[in-house]
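>>> coordinates only, sequence not included:
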DNA sequence: AACCTAATCACTA
DNA sequence: TAGTGATTAGGTT
């Protein structure tokens, strides 16, 4: 429970207009459980308070969302991020490293 | 350069 | 205890 709880807390700390990666998130928790992060987010116990859409892959791509590696859900996520101030170039984030929230 | 495979960690049933 | 997953990195073609 510590791992997931940490993930939630960190994610809530991410300000609007910023994004984070699974790797950074995992490293912030102390483990490199990239996949575990996704697992925890998938469960998403506090969806409205946890911006899972601000979590992207390490290379800047969205990676996946809501169990869909690609498709309409991804577009939905992109729209949300654009609304937050994040710009998307195809499936990649523009100035991703610049907008990456560092813990 | 692009694609595919294997490895790794935590969580759920 | 065993299986799964919203990934990542590396090697191969």
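Happy to help now that I have it. A quick note: this is a predicted structure, and the numbers were derived from the prediction, not measured.
>>> didn't residue A:102 look like it was pressed against residue A:24?
Yes. Between residue A:102 and residue A:24 there is a contact under CB atoms under 8 Å: 7.0 Å. Where you see a C-beta, it was placed from the backbone N, CA and C, and this is true even at glycine.
>>> Which one's more surrounded, these two?
For residue A:102 and residue A:24, the more surrounded residue by other CB atoms under 10 Å is residue A:24, and the numbers stand at 19 against 8.
>>> so that one is in which element?
helix A:22-29 (DSSP states H and E).
>>> From DNA strand C, how far out is whichever residue of chain A sits closest to DNA strand B?
Residue nearest to DNA strand B within chain A: residue A:36 (2.7 Å; CB to the nearest atom of the strand). When CB to the nearest atom of the strand, to the nearest Å is applied, the distance between residue A:36 and DNA strand C equals 4 Å.
>>> Residue A:20 too?
10 Å.
>>> is it true that that residue lies in a strand?
Yes. Judged by DSSP: H, G, I helix; E, B strand; the rest coil, residue A:20 forms part of a strand.
>>> Nearest spatial neighbour of it, chain-adjacent residues omitted?
Closest residue to residue A:20 apart from its sequence neighbours, by CB to CB, 6 or more residues apart in numbering: residue A:101 at 4.9 Å.
>>> Report pLDDT for the one you found.
The model reports residue A:101 with a pLDDT of 95.
>>> so which helix or strand takes in the residue of chain A closest to DNA strand B?
Using DSSP H and E, residue A:36 maps to helix A:34-43.
>>> On the pLDDT front, check residue A:76 for me.
86.
>>> Now do the contacts for it.
residue A:65 (CB atoms under 8 Å, 6 or more residues apart in numbering).
>>> Check which helix or strand it maps to.
Using DSSP H and E, residue A:76 falls within helix A:72-84.
>>> Up against DNA strand C, what does chain A have?
Contact residues, chain A versus DNA strand C (CB under 7 Å from any atom of the strand): A:21-23, A:33-39, A:41-42, A:44, A:52-53, A:55, A:57-59, A:63-67, A:69.
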